[in-house]
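Asker: Here is a sequence with its predicted model. Questions after.
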Amino acid sequence: MLSLSLLGLAVVDALNPFSIAAMALLLATDRPMARGWVFVAGTFVVYLPFGIVLVEGWTAALSALLPLLPVWLKGGAVLVAGLACISLAIYLLRQVQSLDAGASLSRAMTLPATAAFAVASTLSDAPTAVPFFAASAIIPDLASGRVGQYLWVALYCLVYIAPLLLMLGIRAAMGAHGEVVLERVQRGVGWSFRYILPPILVLGGGWLCWLGLTFLL
């Protein structure tokens, strides 16, 4: 039952409108598969260690990591991440002037920019990942050793990115027809980039900036 509860939480978490909207927009640009895979990889690479930190506990993880880092690096890295989230929010507000944002993203979203976009958007959404916080309390009861717990975290993250992989599969299998379908999805959820995602990025970025300043001051 616990394993089913964990998978259920992962499915709820996977129905994240912001990640799905981001993927729909990226897949409607040129080089859609490359951008899509980079976005999926960036999301997974951020979400996996985030889940491990949740399972290990914030206090234990920070107490093990922070003594190894100089104060300026701790605060500076977190502050830069926060400023990156805020900058991304400003960029989206300025660039996405209509629901048909594919052309604008095509010009601006290089592969490194897509990776940075995946990292920033996932980090900014992390404080609101309520299902993952709940799942982190279940995972220790599913496996006693760290390896087993980390495997459950990895499974959770795979379920989380499953809708993104499904969208990639649709785009690859249907070709031009898939582009038409995804453009319709893009029009349906593109409003989130104008009205919902930027405020969330600002809130997440503000939280990271505050955390970085607490390290520096």
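Answerer: The structure has been received and is ready for your questions. Residues are numbered from 1 along each chain as shown.
Asker: what about stretch 16-27, average pLDDT?
Answerer: Mean per-residue pLDDT for stretch 16-27: 77.
Asker: What residues of that stretch count as buried?
Answerer: By neighbour count on 16 or more other Cβ atoms under 10 Å, the buried set for stretch 16-27 is 16, 18-27. In this view, the C-beta of every residue, glycine as well, is placed from N, C-alpha and C.
Asker: Can you add secondary structure and distance to residue 166 and give those residues back as JSON lines?
Answerer: JSON lines is the format used below for the buried residues of stretch 16-27 (DSSP: H, G, I helix; E, B strand; the rest coil; distance: Cβ to Cβ, whole Å):
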{"residue": "16", "secondary structure": "coil", "distance to residue 166": "13"}
{"residue": "18", "secondary structure": "helix", "distance to residue 166": "16"}
{"residue": "19", "secondary structure": "helix", "distance to residue 166": "12"}
{"residue": "20", "secondary structure": "helix", "distance to residue 166": "10"}
{"residue": "21", "secondary structure": "helix", "distance to residue 166": "15"}
{"residue": "22", "secondary structure": "helix", "distance to residue 166": "14"}
{"residue": "23", "secondary structure": "helix", "distance to residue 166": "10"}
{"residue": "24", "secondary structure": "helix", "distance to residue 166": "12"}
{"residue": "25", "secondary structure": "helix", "distance to residue 166": "16"}
{"residue": "26", "secondary structure": "helix", "distance to residue 166": "14"}
{"residue": "27", "secondary structure": "helix", "distance to residue 166": "11"}
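Asker: Tell me the first helix or strand C-terminal of the helix or strand bottoming out on mean pLDDT in the chain.
Answerer: Between all helices and strands in the chain, the lowest mean by mean pLDDT, DSSP states H and E belongs to helix 102-108, at a mean of 51. As assigned by DSSP states H and E, the chain's next helix or strand after helix 102-108 is helix 111-125.
Asker: any idea how far stretch 45-58 is from the chain center?
Answerer: Centre-to-centre, stretch 45-58 and its host chain are 13 Å apart (Cα atoms, centre = their mean, to the nearest Å).
Asker: Provide the contact partners of it at residue level.
Answerer: Contact partners of stretch 45-58, identified using Cβ atoms under 8 Å, 6 or more residues apart in numbering, comprise 61, 118-119, 122-123, 126, 129, 132-133, 135-136, 139-140, 149-150, 153-154, 156-157, 160-161.
Asker: Show the buried residues in those.
Answerer: Applying 16+ other Cβ under 10 Å to the contacts of stretch 45-58 flags 118-119, 122-123, 126, 129, 132, 135-136, 139, 149-150, 153, 156-157, 160-161 as buried.
Asker: quick one, phi psi at residue 144?
Answerer: With angles defined as degrees, to the nearest 10, residue 144 sits at phi -90, psi -30.
Asker: Also residue 31?
Answerer: phi 50, psi 50.
Asker: about what we covered before: can you tell me which of the buried residues of stretch 16-27 lies nearest to residue 86?
Answerer: Closest to residue 86 out of the buried residues of stretch 16-27 is residue 18 (16.2 Å), distances taken as Cβ to Cβ.
Asker: My guess is that closest one contacts residue 200. True?
Answerer: Yes. Here residue 18 reaches residue 200: they are 7.1 Å apart, a contact under Cβ atoms under 8 Å.
Asker: And the spatially most central residue of the chain, how far from residue 56?
Answerer: For the chain, the residue nearest the mean C-alpha position is residue 122 (2.2 Å; Cα atoms, centre = their mean). To residue 56, residue 122 is 19 Å away according to Cβ to Cβ, to the nearest Å.
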